[in-house]
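[1] got a predicted structure plus its sequence, pasted below:
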Amino acid sequence: EAGVTQSPTHLIKTRGQQATLRCSPISGHTSVYWYQQALGLGLQFLLWYDEGEERNRGNFPPRFSGRQFPNYSSELNVNALELEDSALYLCASSLGQGRLNEQFFGPGTRLTVL
Amino acid sequence: DAKTTQPTSMDCAEGRAANLPCNHSTISGNEYVYWYRQIHSQGPQYIIHGLKNNETNEMASLIITEDRKSSTLILPHATLRDTAVYYCIVREGYTGNQFYFGTGTSLTVIP
């Protein structure tokens, strides 16, 4: 069974540009979560999508946004990139809300903002 | 916000049991204790979770105190590949909600 996949593996952008990160969940999973892990820091919750809708977001500015497609894959968009957005962005998937479940993480996308 | 407290780092000799403690004194009745680990720059890996009973799987054992205010993750025979950051997380179990990761414990297994 394929795990959570993310693309691209690495992404280099300059300040002010936009970045788009993609995530494909495990087959059968309807929830997708995005986390940011800046260098030397812990994982910070960004966004949670389930059944195509945003269910919750963490303490991040509106320039962090995303969406979930009908096939449950997801995109994370970061607009007006800032240097401090450089981080490992992790996507996780799980069975839908209302069920006791664990989250399975992908390998991450390393975003570097120059 | 993270609701757990863990030691920053620990060492363990290869082949010995690694016991990783976690305090979660404000845990509520419907919150579960989850453990994940993250090997350098990889995605976190699920280890185990529990509510109030002790749990065991092929990776580890989870011991939760009777008052549920603390727990211990036990890796029975630590190997070098168990070197990682271990996160203890409490989460309400039935909404599929996000995890709030703390700073975790950096476990180093020594040959």
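    Thanks, I have it.
[2] contacts and neighbour counts: CA atoms only from here.
    Noted.
[3] what about the helix or strand of chain B with the lowest mean pLDDT, near chain A?
    Averaged element by element with mean pLDDT, DSSP states H and E, chain B has its least confident helix or strand at strand B:84-92 (a mean of 89). No - under the criterion of C-alpha under 8 Å from any C-alpha of the partner chain, chain A is not reached by strand B:84-92; the shortest gap measures 8.9 Å.
[4] right, is the helix or strand following that strand up against chain A?
    Reading on from strand B:84-92 to the C-terminus, the next helix or strand found by DSSP states H and E is strand B:105-110. No - shown here: strand B:105-110 not in contact with chain A (C-alpha under 8 Å from any C-alpha), separated by at least 11.1 Å.
[5] just checking, what packs against strand B:105-110?
    With contacts taken as 3 or more C-alpha pairs under 8 Å, 6 or more residues apart in numbering or on different chains; DSSP states H and E, strand B:105-110 sits against strand B:9-13, strand B:84-92.
[6] please, which helix or strand holds the residue nearest the centre of chain A?
    For chain A, the residue nearest the mean C-alpha position is residue A:34 (3.1 Å; C-alpha atoms, centre = their mean). Mapping residue A:34 onto the secondary structure by DSSP H and E places it in strand A:31-37.
[7] so how far is that strand off the chain centroid?
    Distance, stretch centre to chain centre, for strand A:31-37: 4 Å (C-alpha atoms, centre = their mean, to the nearest Å).
[8] name every strand pairing with that strand and say which way it goes.
    Paired strands of strand A:31-37, with direction, are strand A:44-50 (antiparallel), strand A:87-94 (antiparallel) (DSSP bridges).
[9] mean pLDDT for those: which is lowest?
    Note on the strands paired with strand A:31-37: strand A:44-50 shows the lowest mean pLDDT, a mean of 92.
[10] can you give the contact residues for that strand?
    The contact list for strand A:44-50, computed with C-alpha atoms under 8 Å, 6 or more residues apart in numbering or on different chains, reads A:30-37, A:54-60, A:65-68, A:72, A:96-97, B:97-101.
[11] and that strand, how far from the chain's centre?
    Its chain's C-alpha centre and that of strand A:44-50 lie 7 Å apart, by C-alpha atoms, centre = their mean.
[12] could you point out the helix or strand that follows that strand?
    strand A:53-57.
[13] in that following strand, what's buried?
    A:54-55, A:57 (16 or more other C-alpha atoms under 10 Å in any protein chain shown).
[14] same check on stretch A:105-114?
    Using 16+ other C-alpha under 10 Å as the test for burial, stretch A:105-114 gives A:105-113.
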